[in-house]
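Chemist: just need the structure, nothing else, for what follows:
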Amino acid sequence: QMQLVENGGGSVQTGGSLKLSCAVTGRTTCTDRLGWYRQAPGKEREFVAALPGFWCSGATVYADSVRDRFTISRAHAENILYLQMTILKPADTAIYYCNSGGPPGNWGRGTQDTVSS
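Modeler: Next up, the predicted model:
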């Protein structure tokens, strides 16, 4: 059974940075792309960034709203997915979820990030 557990959420001021991590347990394959999504209050969950699964090759993609500010990466041996977020804005306030193989695929429970002005 695959499990994903996010960490690293918190509260920062505009312009600050946060780094999220997602520990992935269970077997993954190269068809299981890894991604980050977010859901702001009163809004639908939206795509943030995604890249190929552990030890796999392929394209990294970003939502236009976060390109050049956020960086998605992964640690292959540790099965950890990261999201480095910089130049944060209040519009980035959301619950951030990691995902494997989807959507739908498998989801973590999410971590709250709050950016104050």
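Chemist: where does pLDDT dip in this protein?
Modeler: Applying pLDDT under 70 to the chain flags no residue at all.
Chemist: how about the strands in it?
Modeler: 3-7, 10-13, 18-25, 34-39, 46-51, 61-62, 70-75, 80-85, 94-100, 106-107, 111-116 (DSSP state E).
Chemist: got a markdown table for those, with mean neighbour count too?
Modeler: Using the backbone N, CA and C atoms, a C-beta is placed for each residue, glycine as well. As requested, the strands of the chain are arranged in a markdown table below (neighbours: other Cβ atoms under 10 Å):
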| stretch | mean neighbour count |
| --- | --- |
| strand 3-7 | 16 |
| strand 10-13 | 13 |
| strand 18-25 | 19 |
| strand 34-39 | 23 |
| strand 46-51 | 19 |
| strand 61-62 | 16 |
| strand 70-75 | 17 |
| strand 80-85 | 21 |
| strand 94-100 | 23 |
| strand 106-107 | 18 |
| strand 111-116 | 17 |
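Chemist: measure Tyr82 to Ser116 for me?
Modeler: 23 Å (Cβ to Cβ, to the nearest Å).
Chemist: also Gly15?
Modeler: According to Cβ to Cβ, Gly15 and Ser116 sit 11 Å apart.
Chemist: now Val48
Modeler: Val48 is 20 Å from Ser116, where distance means Cβ to Cβ.
Chemist: residues near the nearest residue to Gln1 once chain neighbours are set aside, how many?
Modeler: Spatial nearest neighbour of Gln1, chain neighbours left out: Gly26 (6.1 Å); criterion: Cβ to Cβ, 6 or more residues apart in numbering. Burial of Gly26, expressed as a neighbour count using other Cβ atoms under 10 Å, amounts to 12.
Chemist: got phi/psi on Gly26?
Modeler: Recorded main-chain torsions at Gly26 are phi 110, psi 170, according to degrees, to the nearest 10.
Chemist: my guess is it contacts Gly53, does it?
Modeler: No. The pair Gly26 and Gly53 fails to qualify as a contact (Cβ atoms under 8 Å) at a distance of 11.8 Å.
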